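Undergrad: okay, here's the prediction I keep looking at, along with the sequence it came from:
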Amino acid sequence: MHDGQPRDFRASLLAMCGISLVMLLSSLEQTIVGNALPSIVNDLKDFDLYAWVATSYLLASMVAIPITGRLGDYYGRKPFVLASTLIFTLGSVWCGLAREMLELVFARGLQGIGGGMVIGSAFACIPELFPDTHRRLRWQIILSVVSSVANAAGPALGGYVSSHYGWRYVFWLNIPLGFIALLFAWRFLPYFPPRARGKPRVDWPGAVMVAAALISLQLLVEWLPERHLQLICGLAGILAISAVGLCWWEPRARDPLLPGALFAHHALRKLYYLALLIGGVMFSFFIYLPLLFQGGYGFAASDAGVLITPLALCMTLGAIVNGRLVTRIPNPSLLPFLGVSLLLLASLGFAFIGTRAGFSSLLALTFTAGCGLGFTLINLTLFTQSLTQPQHMGIATAMQKSLRLVGALIATAVMGTLVKSLYQFNVTRIFTRAGQVQHIMLYNDPQMLIRSGQPIDALHQTLLPLARQALLHAMSMSLAFVALLAVIALILIAKLPSIPLSQKTSDK
């Protein structure tokens, strides 16, 4: 392999195994933590930072993806695959050792840097390993399936591990996997000489302004109900300055973080909007359905893991079926239209299923949502690559992944604000109606609903059903927001032109 190019099927397979192992780590972490979050809050307290445990990871990943992709053009991909795996593993160690929620938030941010570097490097390796479009499509589908399998295993694994061994082992599980992935990638992934020459040009001002805009936006959404006028005005000012600064700077930057050429095609713009919306729907499910199942319906973490597993498992099944169909039908856009329709159906089901929903009904809804994601996510990436010029392939793919995380960041912040505010409103209303005004403050934090391993006295046996009812009402209205995102996505897909993948990527 003197030129870094795999010469036979075995070499290609071993190289992809190295990439897949690294990708598996990042994908597993996206879902395994969601079902452990209630246990984490129960131990470390501070429900106000519930959403930040997830969004700090997403924020760091979003900024790391395009920067890593650009640096990989100058230094090659393999060093960043190795560095990302090491950073991710070290972040996992720190997460497992965290003693308070704020520390865990920062540790998750370090994990997010590693996870973002994985995405920015791993997917960019595929066009180098497989320049032929037909083979590239096959391996992209395989890598997406690997990611989906990891997502599928995450919820059940997170519920089981946190129930039987404690939530810290959810992070410590990454340590041996991380070292195996590191060794495998170092041994078998070939080094391709960088295509770009000269001094690396990274849009650091753009990255800083993007990070400032996203952090201020999330804090603004979370703290708006607190009505601290000076703080709100300050955050709104930072957001406005960052947004205006990006609009002014990006067209003038030599290598902008957000290249204008990627937004020139109207269909590509729709695909980026869809990435924002679908990312918001997906992560709202992964982060807040465990709270609904454990806090609202009272299921144990292991049972909640079983309930959430079909959400990711059916992503795998949907992606496999989608891969067989997408190049064989005249209008591939019908598949994501079907997928978003299923997501809308599931969102409405969770929002209006009521307080007496059974295990089987909730399982059917997560099954529906998982199939919807399976028919949607991979197509957004394939459509983006089909519409993008070869010289923009890497950054366009990174943009699709990054915007999905941006949508997740914004949506989970909105969900966190809605859930907390609506829960406190409903606790006051329901407890007052039941003549339990003196106990409102006791249950004013949803954290009380996910206590584990603690005896329940007679008072709590009376109050707990009232508080669960309050959380279910709050989650119902919050999930209606997720349904709204799905409605907007469905309208966008309906206006998406036919993208003939079969002409460029069909198997022969």
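TA: That came through fine.
Undergrad: mind listing what's buried along the one helix or strand residue 80 maps to?
TA: In this assignment (DSSP states H and E), residue 80 forms part of helix 78-97. Neighbour counts over helix 78-97 (16 or more other Cβ atoms under 10 Å) mark 78, 80-96 as buried. (Glycine included, C-beta is placed from N, CA and C.)
Undergrad: what's that helix packed up against?
TA: When contacts are defined as 3 or more Cβ pairs under 8 Å, 6 or more residues apart in numbering; DSSP states H and E, helix 78-97 packs onto helix 9-32, helix 50-75, helix 101-129, helix 168-172, helix 174-188.
Undergrad: residue 259: how many residues sit nearby?
TA: When neighbours are counted by other Cβ atoms under 10 Å, residue 259 registers 18.
Undergrad: ditto for residue 460
TA: With other Cβ under 10 Å as criterion, residue 460 counts 17.
Undergrad: domain-wise, how is this protein divided?
TA: 9-194+255-424+474-505, 203-254 (automatic domain parsing).
Undergrad: to residue 437, which of these lies closest?
TA: domain 9-194+255-424+474-505 (14.0 Å; Cβ to Cβ).
Undergrad: for the closest one, the distance to its chain's centre please.
TA: 4 Å (Cα atoms, centre = their mean, to the nearest Å).
Undergrad: could I get the helices and strands packed on helix 78-97 as TSV with mean pLDDT?
TA: What follows is the helices and strands packed on helix 78-97, written out as TSV (pLDDT from 0 to 100):
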stretch	mean pLDDT
helix 9-32	73
helix 50-75	77
helix 101-129	83
helix 168-172	87
helix 174-188	83
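Undergrad: just checking, what packs against whichever strand or helix holds residue 239?
TA: Assessed by DSSP H and E, residue 239 sits inside helix 229-249. On a contact count with 3+ Cβ pairs under 8 Å, 6+ apart, helix 229-249 meets helix 204-223.
Undergrad: next, the angle from the helix it packs on to helix 229-249.
TA: 150 degrees (axes from the mean of the first three to the mean of the last three Cα atoms, to 10 degrees).
Undergrad: now helix 204-223 - C-alpha only, PDB.
TA: Extracted in PDB, the C-alpha atoms of helix 204-223 (Å, rounded to 0.1, in the frame of the first residue of the first chain):
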ATOM      1  CA  TRP A 204     -11.300  30.200  13.400                       C
ATOM      2  CA  PRO A 205     -13.300  33.500  13.600                       C
ATOM      3  CA  GLY A 206     -16.200  31.700  12.000                       C
ATOM      4  CA  ALA A 207     -15.900  28.800  14.500                       C
ATOM      5  CA  VAL A 208     -15.800  31.200  17.500                       C
ATOM      6  CA  MET A 209     -18.900  33.100  16.200                       C
ATOM      7  CA  VAL A 210     -20.800  29.900  15.600                       C
ATOM      8  CA  ALA A 211     -20.000  28.600  19.100                       C
ATOM      9  CA  ALA A 212     -21.000  32.000  20.600                       C
ATOM     10  CA  ALA A 213     -24.200  32.100  18.700                       C
ATOM     11  CA  LEU A 214     -25.200  28.600  19.700                       C
ATOM     12  CA  ILE A 215     -24.300  28.900  23.400                       C
ATOM     13  CA  SER A 216     -26.100  32.300  23.700                       C
ATOM     14  CA  LEU A 217     -29.100  30.900  21.900                       C
ATOM     15  CA  GLN A 218     -29.300  27.900  24.200                       C
ATOM     16  CA  LEU A 219     -28.900  30.000  27.300                       C
ATOM     17  CA  LEU A 220     -31.500  32.400  26.000                       C
ATOM     18  CA  VAL A 221     -34.000  29.700  25.500                       C
ATOM     19  CA  GLU A 222     -33.400  28.100  28.900                       C
ATOM     20  CA  TRP A 223     -33.300  31.300  30.900                       C
END
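Undergrad: tell me which residues are up against it.
TA: 51, 55, 59, 62-63, 66-67, 231-232, 235-236, 238-239, 242-243, 245-246, 249-250, 253, 256-258, 406, 409-410, 413-414, 416-417 (Cβ atoms under 8 Å, 6 or more residues apart in numbering).
Undergrad: now it: buried residues?
TA: Counting neighbours by 16+ other Cβ under 10 Å, helix 204-223 gives 206-207, 209-210, 212-222 as buried.
Undergrad: center of the protein - which residue?
TA: Against the mean C-alpha coordinate of the chain, by Cα atoms, centre = their mean, the closest residue is residue 283 at 5.0 Å.
Undergrad: what about stretch 389-409, average pLDDT?
TA: Averaging pLDDT along stretch 389-409 gives 74.
Undergrad: for stretch 360-375, same thing?
TA: On average, stretch 360-375 scores 91.
Undergrad: quick one: buried residues of that stretch?
TA: 362-363, 365-375.
Undergrad: return the alpha-carbon coordinates of it using CSV.
TA: C-alpha atoms of stretch 360-375 as CSV (Å, rounded to 0.1, in the frame of the first residue of the first chain):
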residue,chain,number,x,y,z
SER,A,360,-47.2,-2.3,24.3
SER,A,361,-48.7,1.0,23.1
LEU,A,362,-45.5,2.9,23.9
LEU,A,363,-43.4,0.2,22.3
ALA,A,364,-45.4,0.5,19.1
LEU,A,365,-44.8,4.3,19.0
THR,A,366,-41.1,3.9,19.5
PHE,A,367,-41.1,1.3,16.7
THR,A,368,-42.9,3.8,14.4
ALA,A,369,-40.5,6.6,15.2
GLY,A,370,-37.4,4.3,14.6
CYS,A,371,-38.7,3.3,11.2
GLY,A,372,-39.3,6.9,10.4
LEU,A,373,-35.7,7.8,11.2
GLY,A,374,-34.4,4.9,9.3
PHE,A,375,-36.1,6.1,6.1
